[in-house]
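> Here's my sequence, what's the structure:
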Amino acid sequence: MSSRSVFSRIAAVTVATGLAVTLAGCATASGGGSASPKASDSALERVTEAGVLIVGTEGTYKPFSYHEGGAGDLTGYDVDVVTAVAEKLDLDVQFEETQWDGIFAGLEAGRFDIIANQVSINEEREEKYTLSDPYTISPGVLIVAEDNTDITSLEDLEGKTTAQSNTSNWYAVAEEAGATVEAVEGWAQAVELLEQGRIDATVNDKLTYLDYLKQKPDAGIKVVAETEEASQSAFALKKGSDDLVDAINEALAELSEDGTLAELSEKYFGEDVSK
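Residues are numbered from 1 along each chain as shown. I've put the predicted structure just below:
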């Protein structure tokens, strides 16, 4: 056998051996239980390595996520809270403005790491997404004219007239209390009818009421009762983002303890809505 033939056989064996090792390594990485998880498998490691938390938000949902004056910088309660959380995690924050009807699809597609847009906690969302601890807690409130003394509780709505959005759960609350409910498109129409004296009351979210009163402190309306159940809002992440949500929850706890959440609540609503 020539020296050239021997060299060719040695080279072939070397290549084959190297290929086998490479394939074995690939098999271990993809299916073997002993391999270490990739950095991309950890949501916390991924954002830490990138140095930025990408946040999905509407940008048109005042006072939670909006542009001051319609064209100014992005601001709002949710914007400020998630920015404070990112600072606790030593991360920059990047906002991706997305319409509400496409925001969860954007999260699932990986366009952002987290949604900060007053995502209400419910069973369906708890099953589909990883949700943080709540940073907003808001009961429903019964609102009447400032000079009204006849209505002091939901029970007093029997035979009275309210205005409610027919797509909201407050419609059912008022109806179950015995009120005659006039369907409206939303809060703006309901409060207008109340201020005009054309209805007796309206039931709505406390945050909506507080925001309105912040803008119009002389509105001439008041809260006389709160519902027993409260709506809780949280950050939403892709299912399985457990380590990232744990870090976020720790940051939220620190922001609550140091008074930051209370300060941001006061800034936008005039009272603490984080507890």
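
> how about low-confidence regions in this protein?
Under the criterion pLDDT under 70, the flagged ranges of the chain are 1-40.

> Let me see the ranges of the helices in it.
3-31, 43-50, 77-88, 100-108, 123-128, 169-176, 187-195, 206-215, 242-257, 260-269 (DSSP state H).

> looking at those, which is buried most?
Of these, the one with the most neighbours on average (mean count of other CB atoms under 10 Å) is helix 77-88, at a mean of 22. C-beta coordinates here come from the backbone N, C-alpha and C atoms, glycine included.

> pretty sure residue 185 is touching residue 165, no?
Yes. In this structure, residue 185 is within contact of residue 165 by CB atoms under 8 Å, at 6.5 Å.

> Show me which of the two is the more surrounded one.
Legend: neighbour count by other CB atoms under 10 Å for residue 185 and residue 165, higher for residue 165 (17 against 10).

> What is the end-to-end distance of stretch 48-64?
Using CA to CA, to the nearest Å, the span of stretch 48-64 from its first residue to its last is 26 Å.

> returning to what we had before: nearest to residue 57, out of the helices of the chain?
Residue 57 sits nearest to helix 77-88 of all the helices of the chain, at 6.4 Å, using CB to CB.

> Could you pick out the longest strand of this structure?
Using DSSP state E, we find that the single longest strand of the chain is strand 221-238.

> residues of that one that come out buried?
221, 224-225, 227, 231-238 (16 or more other CB atoms under 10 Å).

> and the angle for it with helix 43-50?
80 degrees (axes from the mean of the first three to the mean of the last three CA atoms, to 10 degrees).

> Which pair of the buried residues of strand 221-238 spans the longest distance?
224 and 238 (41.9 Å).

> ok, the buried residues of strand 221-238 vs residue 144, which is closest?
Closest to residue 144, out of all of the buried residues of strand 221-238 and judged by CB to CB, is residue 224, at 5.6 Å.

> Output the buried residues of strand 221-238 in CSV; the columns should cover distance to residue 173.
What follows is the buried residues of strand 221-238, written out as CSV (distance: CB to CB, whole Å):
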residue, distance to residue 173
221, 18
224, 14
225, 11
227, 7
231, 12
232, 17
233, 19
234, 23
235, 27
236, 25
237, 31
238, 33
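
> quick one: which of those residues is nearest residue 157?
Using CB to CB, those come closest to residue 157 at residue 225, 9.6 Å.

> Surely the closest one is in contact with residue 154?
Yes. Contact criterion CB under 8 Å: residue 225 and residue 154 qualify, at 5.9 Å.

> any shared contact partners between the two?
Shared contacts of residue 225 and residue 154 (CB atoms under 8 Å, 6 or more residues apart in numbering): residue 142.

> got the angle between the longest strand of the chain and helix 100-108?
Angle of strand 221-238 versus helix 100-108, following the same axes, to 10 degrees, is 30 degrees.

> What is strand 221-238 packed up against?
On a contact count with 3 or more CB pairs under 8 Å, 6 or more residues apart in numbering; DSSP states H and E, strand 221-238 meets helix 100-108, strand 114-120, strand 129-131, strand 136-145, helix 187-195, helix 206-215, helix 242-257.
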